[in-house]
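> Have a look at this fold, sequence not included:
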């Protein structure tokens with residue numbers, strides 16, 4: 001997988017096409033490529049970050065499927081209970097297709113933090129239930145870790 005460097009932004013990145021993301025493209029125009037940024041503190045991506053990117057490219061469908069299930073679970077347990085007074089305005093999400101209609105994934109960030117030789121990856125984008133803050137899901141390989149607002153790990 002090719003990793004490029006932007007002098008203007010001082011960041012390493014890779015542009016990748018994931019067929020699995022086309023199902024999420026309900027809130028914006030479809031894009032052929034999605035940008036993957038590397039948090040590196042001005043250094044080249046680490047072996048753990050490269051391992052995470054390689055794993056993502058090789059296992060995209062399984063990763064996105066696990067992420068969707070994790071988000072649905074957290075959404076129904078946390079978002080709906082936290083905003084129960086506004087439940088009539090929130091979407092009903094019971095299955096993967098329901099969720100995929102309500103969000104888009106616009107950015108993928110490979111963290112400098114890692115476990116067992118593979119970096120965490122953050123998937124960020126827009127969601128219909130929070131136009132201002134969007135969402136962020138964190139995965140390590142195909143393990144769902146966390147779900148919250150887009151600035152969850154900034």
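That came through, no problem. Remember, predicted model here, so these are calculated numbers, not experimental data. Residues are numbered from 1 along each chain as shown.

> so residue 79 makes contact with residue 129?
Yes - using CB atoms under 8 Å, residue 79 is in contact with residue 129, at 6.4 Å. Every residue, glycine included, has its C-beta placed from N, CA and C.

> where do the contact lists of the two overlap?
Shared contacts of residue 79 and residue 129, defined by CB atoms under 8 Å, 6 or more residues apart in numbering, comprise residue 90.

> my read is residue 123 is in a helix, agree?
No - going by DSSP: H, G, I helix; E, B strand; the rest coil, the assignment for residue 123 is strand, not a helix.

> So what's the residue count around it?
By other CB atoms under 10 Å, 25 other residues sit near residue 123.

> hang on, the earlier thing: just want to know which of residue 79 and residue 129 has more residues nearby.
residue 79 (21 against 18).

> distance from the centroid: which residue in the chain tops it?
residue 85 (27.8 Å; CA atoms, centre = their mean).

> Lowest average confidence across helices and strands of the chain, where is it?
Ranked by mean pLDDT, DSSP states H and E, the weakest helix or strand in the chain is helix 80-82, scoring a mean of 87.

> Contacts for that one next, please.
Contacts of helix 80-82 (CB under 8 Å, 6+ apart): 87, 90.

> tell me the centre residue of the chain?
The centre of the chain sits closest to residue 123, judged by CA atoms, centre = their mean, with a distance of 1.2 Å.

> That's all I had, so thanks and see you.
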